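Colleague: the following block contains a protein sequence and its predicted model.
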Amino acid sequence: MHPLLNIAQEAAKAAGKSIRYHLERFDAVEIQQKGRNDFVSQVDFEAEQRIIQTIRKYHPDHAILAEETGRHKTNSKFEWIIDPLDGTTNFLHQFPHFAVSIAVTENGKLQHAAIYDPVKDEMFSASRGEGAWLNQTRIRVSEQKELENSLMATGFPYYQFDYADEYLAGFKRFMTETAGIRRAGSAALDLAYVACGRVDGYWEYNLKPWDIAAGALIVQEAGGLVTDFGGGENYLASGNILATNPKLYKHMAQIIGQTAPANRKN
């Protein structure tokens, strides 16, 4: 295992331990609202600090982009992209589906990734060129080639509804042309589930880099394809992401191409 991936896993488990602690003492959790349907708790902040402390212990010079505390700039070629609790709304409802997501870039290119589900004790991880793993088992995307037999994952708009009609048009197409759609509330785990074949594809609008950076690399290393809605690699900047196995990519991209608004096709 690459040393940076080892650190990412250590940091993710430290954050996961903190999350489990507060889940067992949920009545004491303090909640703040950042915006419409956008919540944060001291659990998010504490988990993020655990991650940053772990990184700083080994690499105090590395840059960090974190959901809650923003960008910590340095002159390093390495940057860590952190979501300490992806699925905060699930956590706040004690719906047991959320994860810690950590990615490492080198000169802007994704190199290492770890997504940790502290409830199931599942660690999804990857290093560029080294494949993808769930705990100690190598994982691959599904072999599903028929859209009508596929199980899809997505995320609904929850605070910005400018593209609700276009999104619903795409959702209707997938709903009627697949075996089913799941909306579980964690983009990181949606991507991890594509990587291990639990779902066959995933699409979502308007995400942040910390939501998808780790998952994107894990899917790619599991043999999948990850693009923006125009088939390019701009998903970290645009927040629009499509991830699936190579056999379904054309079918999914066609539906998104026909339903996504013109200014979201990147």
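Modeller: Yep, that arrived. Numbering: from 1, shown residues only.

Colleague: helices along this protein, start to end?
Modeller: 3-23, 42-58, 88-92, 164-177, 187-195, 209-221, 235-238, 246-259 (DSSP state H).

Colleague: which other helices and strands contact the third one?
Modeller: This points to helix 88-92. Helices and strands touching helix 88-92, by 3 or more CB pairs under 8 Å, 6 or more residues apart in numbering; DSSP states H and E, are strand 38-41. Where you see a C-beta, it was placed from the backbone N, CA and C, and this is true even at glycine.

Colleague: if you average the pLDDT over the strand it packs on, what comes out?
Modeller: What strand 38-41 shows for mean pLDDT is 55.

Colleague: what of stretch 254-265?
Modeller: 82.

Colleague: quick revisit: adding distance to residue 78 and mean neighbour count, write the helices of the chain out as JSON lines.
Modeller: Below are those laid out as JSON lines (distance: least, CB to CB, whole Å; neighbours: other CB atoms under 10 Å):
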{"stretch": "helix 3-23", "distance to residue 78": "8", "mean neighbour count": "20"}
{"stretch": "helix 42-58", "distance to residue 78": "10", "mean neighbour count": "19"}
{"stretch": "helix 88-92", "distance to residue 78": "27", "mean neighbour count": "20"}
{"stretch": "helix 164-177", "distance to residue 78": "35", "mean neighbour count": "15"}
{"stretch": "helix 187-195", "distance to residue 78": "20", "mean neighbour count": "30"}
{"stretch": "helix 209-221", "distance to residue 78": "13", "mean neighbour count": "27"}
{"stretch": "helix 235-238", "distance to residue 78": "16", "mean neighbour count": "18"}
{"stretch": "helix 246-259", "distance to residue 78": "30", "mean neighbour count": "18"}
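
Colleague: and those helices: which comes nearest residue 104?
Modeller: Residue 104 sits nearest to helix 3-23 of all the helices of the chain, at 5.2 Å, using CB to CB.

Colleague: can you give me the angle that closest one makes with helix 209-221?
Modeller: 130 degrees (axes from the mean of the first three to the mean of the last three CA atoms, to 10 degrees).
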